[in-house]
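> Make a model of this:
(2 chains)
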There are 2 protein chains.
Amino acid sequence: VSPTYELYYWPGIQGRGEFIRLALEEAGAPYVDVARTPRGMLTMQRLLRNWPISGIRPFAPPFLRHGKLLIAQTANVLAYLGPRLGLVPKNEASRVAAVQIQLTIADFVTEAHDVHHPISSGLYYEQQKAPAKARAASFVETRIPKFLGWLEHELVRSSGDYLLGRRLTYVDLSVFQLIAGLSYAFPNAMDRTRGDFERLLALADRVSQRPRIAAYLGSTRRVAFNEDGIFRHYPALDPSEKTAAHG
Amino acid sequence: VSPTYELYYWPGIQGRGEFIRLALEEAGAPYVDVARTPRGMLTMQRLLRNWPISGIRPFAPPFLRHGKLLIAQTANVLAYLGPRLGLVPKNEASRVAAVQIQLTIADFVTEAHDVHHPISSGLYYEQQKAPAKARAASFVETRIPKFLGWLEHELVRSSGDYLLGRRLTYVDLSVFQLIAGLSYAFPNAMDRTRGDFERLLALADRVSQRPRIAAYLGSTRRVAFNEDGIFRHYPALDPSEKTAAHG
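Have a look, this model is predicted:
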């Protein structure tokens, strides 16, 4: 019997932890979101400060505890969970392909974060608004089309309805989260380009309607998007077309 | 018999490809650095534009071809090569720990790149010099100490001379490359903090003296650092202490 999964992540945001939560939820796996339990935040911070366990201390949350193993880095956690939760085929070629997609999504997520923090993650957004506006323009014009265009193309090339073929894998769950986050942070930009990513948006929609995912999204376990997370909605960074033309 | 490894990466820079080159060189593995062979650059670009192979098209180089398998994303390639080249123990806990460290190094490498490109990778450094200077100050003051401090601490906690214990793994090679890159790009900043990362610098030094690595570094296969790569030396981004105090 597999021990209960313990997920450690900041309790107030979706952030990178959400990619792991979605996998655990889709699989109906037994897990505890430790930092959201009473005194769980203290437990997490104490663990991070004074790592009592053999193995490598996480540089930052999220991390997962499973039996004796502790694993950090989102894509690493998903690569570990994938075969155990039936969320990736067990053959090496599929597992390697899933990690390749997941790491590319991770790169994109980092860029989405840096839009509102182009100078320093140690300063507030309000302290770097001018460079954030410049970075947002470039993100919307060149990076969203490049990354989503790549995912759309790989989906078209797939032999099935999912990125790796006929069966859902954890990368499809991550695509849903990516689209949800971008749609929250950049509604105007996403509206303008919907036609370019039809298959991808349809995939995200299908994922959102899976019974366990739909139940999760409607539950209090799903933290709402907010301006402490990775995907933040700042109107100045997502002008409407008219404003953009004038700016 | 394992087929020859084919590495695909931009020929004029060390970049992310270098982390893979170092693993192949340390292992004495048979490999071709395809884009550095005659007409190899055309081969790589044609592959990227019109992916004729099943499996996921790389978002960007580096990628590796090994027999029928194509693999992109540096940490993914190293996770694949590690057990095959004897550069990571085969047990799951060690492999997972290695990926965790490698992905944290990858995050740091992305930040090192974004110091000179804080607004857009589609613009030249010269077009984003002012925000680059601000980002460099924060990178040097807070990010270098945080990332290198984490690596130093994990090295102190290790049961041997290497990050994962008594035997060299591919993450130790990546630490060497990271220290080499930072020392090239930020010589003043690195000089000021040498005392805080003694074990890490000693590890990088030991790696550089391994026979195969030393031979590689002295060969024409090692591309020199330059201002097209990830680690770039721009004096304005690495002021001496005096200048920094006045700025």
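> can you pull the contacts of A:Glu26?
A:Leu85, A:Leu87, A:Leu168, A:Tyr170, A:Leu173, A:Arg210, A:Arg212, A:Ile213 (CB atoms under 8 Å, 6 or more residues apart in numbering or on different chains). From N, CA and C alone the C-beta is placed, and that goes for glycine too.
> okay, those in CSV with distance to A:Pro30 and pLDDT next?
As requested, these are exported to CSV (distance: CB to CB, whole Å; pLDDT from 0 to 100):
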residue, distance to A:Pro30, pLDDT
A:Leu85, 11, 98
A:Leu87, 15, 98
A:Leu168, 20, 98
A:Tyr170, 17, 99
A:Leu173, 18, 99
A:Arg210, 19, 98
A:Arg212, 13, 98
A:Ile213, 17, 98
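> In helices, which of those fall?
Under the assignment DSSP state H, the contacts of A:Glu26 contribute A:Tyr170, A:Leu173, A:Arg212, A:Ile213 to helices.
> residues contacting the closest residue to the second one other than its chain neighbours?
Using CB to CB, 6 or more residues apart in numbering or on different chains and skipping residues adjacent in sequence, the residue nearest A:Leu173 is A:Leu22, 4.3 Å away. A:Leu22 makes contacts with A:Tyr170, A:Leu173, A:Ser174, A:Phe176, A:Gln177, A:Ile213, A:Tyr216, as judged by CB under 8 Å, 6+ apart.
> And the strands in chain A, which stretches?
A:5-8, A:31-33, A:63-66, A:69-72 (DSSP state E).
> Let me see the mean pLDDT of the shortest one.
Confidence over strand A:31-33, taken as the mean pLDDT, stands at 98.
> next one: stretch A:103-117
Taken as a whole, stretch A:103-117 carries a mean pLDDT of 98.
> From the rest of the structure, what touches that stretch?
For stretch A:103-117, the external contacting residues (CB under 8 Å, 6+ apart) are A:16, A:19, A:74-75, A:123, A:125, A:128, A:132, A:135-136, A:139, A:143, A:147, A:150-151, A:171, A:174-175, A:178, A:181-182, A:185, A:230-232, A:234, A:237, B:59, B:72-73, B:75-76, B:103, B:107, B:110, B:114.
> and the longest helix for chain A?
Longest helix in chain A by number of residues, with DSSP H as the criterion: helix A:92-116.
> so where's chain A shaky on pLDDT?
The model of chain A has pLDDT under 70 over residues A:242-247.
> so where do the helices sit in it?
Per DSSP H, chain A carries helices over the ranges A:17-27, A:40-49, A:74-84, A:92-116, A:129-138, A:144-157, A:170-185, A:187-193, A:198-208, A:211-217, A:241-246.
> Run a quick neighbour tally on A:Gln127.
Using other CB atoms under 10 Å in any protein chain shown, A:Gln127 has 12 neighbouring residues.
> mind listing what it touches?
A:Ile119.
> That one and chain B, how far apart?
10 Å (CB to the nearest CB, to the nearest Å).
> Then A:Gly149?
Separation of A:Gly149 from chain B (CB to the nearest CB) stands at 10 Å.
> again with A:Val175
13 Å.
> A:Arg206 is in contact with that residue, correct?
No. Assessed by CB atoms under 8 Å, A:Val175 is found out of contact with A:Arg206, at 10.3 Å.
> if you look at stretch A:6-16, does any of it touch chain B?
No. For a cut-off given as CB under 8 Å from any CB of the partner chain, stretch A:6-16 has no contacts with chain B; the smallest distance is 10.9 Å.
> what sits up against that stretch?
A:17, A:20-21, A:24, A:31-36, A:40-41, A:44, A:47, A:58, A:61-66, A:74, A:106, A:109, A:177, A:181, A:222-223, A:225-226, A:228-231.
> Show me what counts as buried in it.
A:Glu6, A:Leu7, A:Tyr8, A:Tyr9, A:Trp10, A:Ile13, A:Gln14, A:Gly15, A:Arg16 (16 or more other CB atoms under 10 Å in any protein chain shown).
> Might you report the residue contacts of the closest residue to A:Phe186 other than its chain neighbours?
Spatial nearest neighbour of A:Phe186, chain neighbours left out: A:Asp238 (4.6 Å); criterion: CB to CB, 6+ apart. The contact partners of A:Asp238, by CB under 8 Å, 6+ apart, come to A:Ala136, A:Val140, A:Ala185, A:Phe186, A:Pro187, A:Asn188, A:Ala189.
> Pick the one among those residues closest to A:Ile53.
Lowest distance from A:Ile53 to these (CB to CB) belongs to A:Ala185, with 35.9 Å.
> Distance of the closest one relative to A:Phe59?
25 Å (CB to CB, to the nearest Å).
> Comparing these two, which residue is more hemmed in?
Between A:Ala185 and A:Phe59, A:Ala185 has the larger neighbour count (other CB under 10 Å), namely 24 against 21.
> State the distance from the more buried one to chain B.
In this view, A:Ala185 and chain B are 18 Å apart by CB to the nearest CB.
> now do A:Leu47
When distance is defined by CB to the nearest CB, A:Leu47 is 14 Å away from chain B.
> quick revisit: buried residues in the longest helix of chain A?
Buried, per 16+ other CB under 10 Å, within helix A:92-116: A:93-116.
> gap between that helix and the chain center?
Distance, stretch centre to chain centre, for helix A:92-116: 9 Å (CA atoms, centre = their mean, to the nearest Å).
> ok and it relative to helix A:170-185, angle-wise?
Counting by axes from the mean of the first three to the mean of the last three CA atoms, to 10 degrees, helix A:92-116 lies at 20 degrees to helix A:170-185.
> Name the surrounding residues that touch stretch A:174-188.
The contact list for stretch A:174-188 (CB under 8 Å, 6+ apart) reads A:14, A:18-19, A:22, A:78, A:101-102, A:105, A:108-109, A:112, A:115, A:140, A:144, A:148, A:151, A:163, A:189-190, A:200-201, A:203-204, A:207-208, A:213, A:225, A:230-234, A:237-241.
> just the buried members of those residues?
Neighbour-count burial (16+ other CB under 10 Å) applied to the contacts of stretch A:174-188 gives A:14, A:18-19, A:22, A:78, A:101-102, A:105, A:108-109, A:112, A:115, A:140, A:144, A:148, A:151, A:163, A:189-190, A:200-201, A:203-204, A:207, A:213, A:225, A:230-232, A:234, A:237-239.
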